[in-house]
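A.B. asks: Turn this into a model:
(2 chains)
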There are 2 protein chains.
Amino acid sequence: MSETLKNVNPNVSVDCVVFGFDNEKLNILLIEQKMANKEKVQFALPGDLIVDDEGLDDAANRVLSEITGISGVFLRQFKAFGDPNRVSDIKDLDWLKNYRQNPQARVITVAYLSLVKMDDFQPEASSFAERVFWQELDSLPSLAFDHNQILSEALDRLRDDFVNHRTGFELLPEMFTLGQIQKLYEIILGKELDKRNFRKKILKEKLVSATNQKQTGVLHKPAILYTLNHENI
Amino acid sequence: MSETLKNVNPNVSVDCVVFGFDNEKLNILLIEQKMANKEKVQFALPGDLIVDDEGLDDAANRVLSEITGISGVFLRQFKAFGDPNRVSDIKDLDWLKNYRQNPQARVITVAYLSLVKMDDFQPEASSFAERVFWQELDSLPSLAFDHNQILSEALDRLRDDFVNHRTGFELLPEMFTLGQIQKLYEIILGKELDKRNFRKKILKEKLVSATNQKQTGVLHKPAILYTLNHENI
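C.D. replies: Next up is the predicted model:
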């Protein structure tokens, strides 16, 4: 256990919301917590207390790596969660008794989010994770502590940053069809979009430019390939 | 001192960045800290440790009110600051020795921001503030701890939310001239805008609609009054 070795801050943790994109849907990186009582199962976001000589960004990267084996992800902070009743479920209290030196301490958590290509990362469980896995966002289980709320607010922020700052456009290949960029929008925003309105809007905003190339290897009429207009993004 | 009476969390504070709008420029609410050595002067954002049974939003409102007498402000959280070296200046270390029970404890601060009409609030210093005052943003002094950085990031967020979420448009009167809305943009964004381009853009985005009324009480040709198109905001 890292807590016995390091100068852990009992009051501040980090939690990581890592969204995984697989060209079809959004997934979320979850852990199954190790439980003293093996009959109980509890899922959670990867997170842990910070160590006293590290910054918050460093803590988020260390914790994600220690628990899930995933590193080299760009984690950005999005919100601190500090409801005094963040921990109220009996399962969560039991778990803290087994895995924290000060299980009664009030913990404020600083939440981070990231969006990655799912195939680029193969998580491996360690520390207090029994298992790490990608879960489809539309069939989420109940999570420990206030992690369902953290995830919900992370998703709002992901969508806001996608629309206003085009964060996530890097998931597109260098050249893509209008169908592909529409699909990206639909997956991130979680809803179907009208094809005609979508194309009109995206061309009007000059987000993309047509190249002189077309799709290859398709049976139907090949579509024109586009690139991002980086100056308008 | 509140710390001797309440169950204070030694590791977590809140800091409040309150921007004051006065139709001409942006101002920022600062305190002058009470110092044991009266010859030293140090300015800071209003902030203090949280109490263990209050949420972060409640803490921000309480702390702002206790130190500056200002309440009823909508404070929104924008970022947690947790650099292990947030406190390194000898003046700050001295101040903490006099005003904190655990001056050595590492403090992570959760920063809040707000934008208000300056005339609506008359701050009054109390607690460890010797003085509270509105300072013009373009002539900022050096602030305690990492408060200059917090303020700088608050300003980035204020501008981002203004452009992408129109947060701050409520500072406009119900009916206004295009000159007035341009002035609001210029004050918040901190730069002059080209009149012709600004008008073209704002009308194209359908942010405002012309009314059938005009300015009154002006010597020159009265300008048309506009209202916000709330469905496009």
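
A.B. asks: Check which residues of the longest helix belonging to chain A are buried.
C.D. replies: Ordering each helix of chain A by length in residues (DSSP state H) puts helix A:147-165 first. For helix A:147-165, burial by neighbour count (16 or more other CB atoms under 10 Å in any protein chain shown) applies to A:His147, A:Ile150, A:Leu151, A:Glu153, A:Ala154, A:Leu155, A:Arg157, A:Leu158, A:Asp161, A:Phe162. For the C-beta atoms, the positions are set from N, CA and C on the backbone; glycine is no exception.

A.B. asks: can you map out the strands along chain A?
C.D. replies: A:8-21, A:26-33, A:43-44, A:47-51, A:76-81, A:108-117, A:129-136, A:208-214, A:224-228 (DSSP state E).

A.B. asks: would you turn those into JSON lines with mean neighbour count and mean pLDDT?
C.D. replies: Shown next, in JSON lines, are the strands of chain A (neighbours: other CB atoms under 10 Å in any protein chain shown; pLDDT from 0 to 100):
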{"stretch": "strand A:8-21", "mean neighbour count": "23", "mean pLDDT": "96"}
{"stretch": "strand A:26-33", "mean neighbour count": "21", "mean pLDDT": "97"}
{"stretch": "strand A:43-44", "mean neighbour count": "18", "mean pLDDT": "96"}
{"stretch": "strand A:47-51", "mean neighbour count": "24", "mean pLDDT": "96"}
{"stretch": "strand A:76-81", "mean neighbour count": "20", "mean pLDDT": "98"}
{"stretch": "strand A:108-117", "mean neighbour count": "23", "mean pLDDT": "97"}
{"stretch": "strand A:129-136", "mean neighbour count": "16", "mean pLDDT": "96"}
{"stretch": "strand A:208-214", "mean neighbour count": "13", "mean pLDDT": "95"}
{"stretch": "strand A:224-228", "mean neighbour count": "17", "mean pLDDT": "96"}
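
A.B. asks: any chance of the ones you listed in JSON lines, with distance to B:Leu113 too?
C.D. replies: Output for those, formatted as JSON lines (distance: least, CB to CB, whole Å):
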{"stretch": "strand A:8-21", "distance to B:Leu113": "21"}
{"stretch": "strand A:26-33", "distance to B:Leu113": "29"}
{"stretch": "strand A:43-44", "distance to B:Leu113": "30"}
{"stretch": "strand A:47-51", "distance to B:Leu113": "24"}
{"stretch": "strand A:76-81", "distance to B:Leu113": "13"}
{"stretch": "strand A:108-117", "distance to B:Leu113": "17"}
{"stretch": "strand A:129-136", "distance to B:Leu113": "34"}
{"stretch": "strand A:208-214", "distance to B:Leu113": "34"}
{"stretch": "strand A:224-228", "distance to B:Leu113": "32"}
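
A.B. asks: for these, which one sits closest to A:Glu174?
C.D. replies: Among the strands of chain A, strand A:224-228 comes nearest to A:Glu174, with 6.5 Å by CB to CB.

A.B. asks: ok, and what's touching that closest one?
C.D. replies: The list of residues contacting strand A:224-228 from outside it, by CB atoms under 8 Å, 6 or more residues apart in numbering or on different chains, reads A:169, A:172, A:174-178, A:181, A:207-211, A:213-215.

A.B. asks: domain parsing for chain A?
C.D. replies: Taking automatic domain parsing as the reference, chain A has its domains at A:8-164, A:172-232.

A.B. asks: now the first one, how far from the centre of its chain.
C.D. replies: The offset between the C-alpha centroid of domain A:8-164 and the centroid of the whole chain comes to 9 Å, using CA atoms, centre = their mean, to the nearest Å.

A.B. asks: Wondering if that domain reaches chain B at all.
C.D. replies: Yes - judged by CB under 8 Å from any CB of the partner chain, domain A:8-164 comes into contact with chain B at A:9-12, A:50, A:52-56, A:59, A:77, A:79-84, A:106, A:108, A:110, A:160, A:164.

A.B. asks: For that domain, measure first residue to last.
C.D. replies: 37 Å (CA to CA, to the nearest Å).

A.B. asks: likewise the last one?
C.D. replies: For domain A:172-232, the first-to-last residue distance is 16 Å (CA to CA).

A.B. asks: ok, now stretch A:69-83?
C.D. replies: End-to-end for stretch A:69-83, by CA to CA: 29 Å.

A.B. asks: quick one: low-confidence parts of chain A?
C.D. replies: Within chain A, the stretches with pLDDT under 70 are A:1-5.

A.B. asks: with the contacts of strand A:224-228 in mind, which one is nearest to B:Asp119?
C.D. replies: Of those, the one sitting nearest to B:Asp119 (CB to CB) turns out to be A:Leu207, at 41.8 Å.

A.B. asks: ok, now how distant is the closest one from A:Arg199?
C.D. replies: 11 Å (CB to CB, to the nearest Å).

A.B. asks: just A:Ser209 next, same as before
C.D. replies: A:Ser209 is 14 Å from A:Arg199, by CB to CB.

A.B. asks: Tabulate the domains of chain A in JSON lines, adding columns for distance to B:Glu130.
C.D. replies: Shown next, in JSON lines, are the domains of chain A (distance: least, CB to CB, whole Å):
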{"stretch": "domain A:8-164", "distance to B:Glu130": "29"}
{"stretch": "domain A:172-232", "distance to B:Glu130": "49"}
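
A.B. asks: closest one to B:Asp92 among those?
C.D. replies: Short answer: domain A:8-164, nearest of the domains of chain A by CB to CB, at 18.1 Å.

A.B. asks: how about stretch A:96-110: buried residues?
C.D. replies: Those would be A:Leu96, A:Tyr99, A:Arg100, A:Pro103, A:Ala105, A:Arg106, A:Val107, A:Ile108, A:Thr109, A:Val110, for stretch A:96-110 by 16+ other CB under 10 Å.
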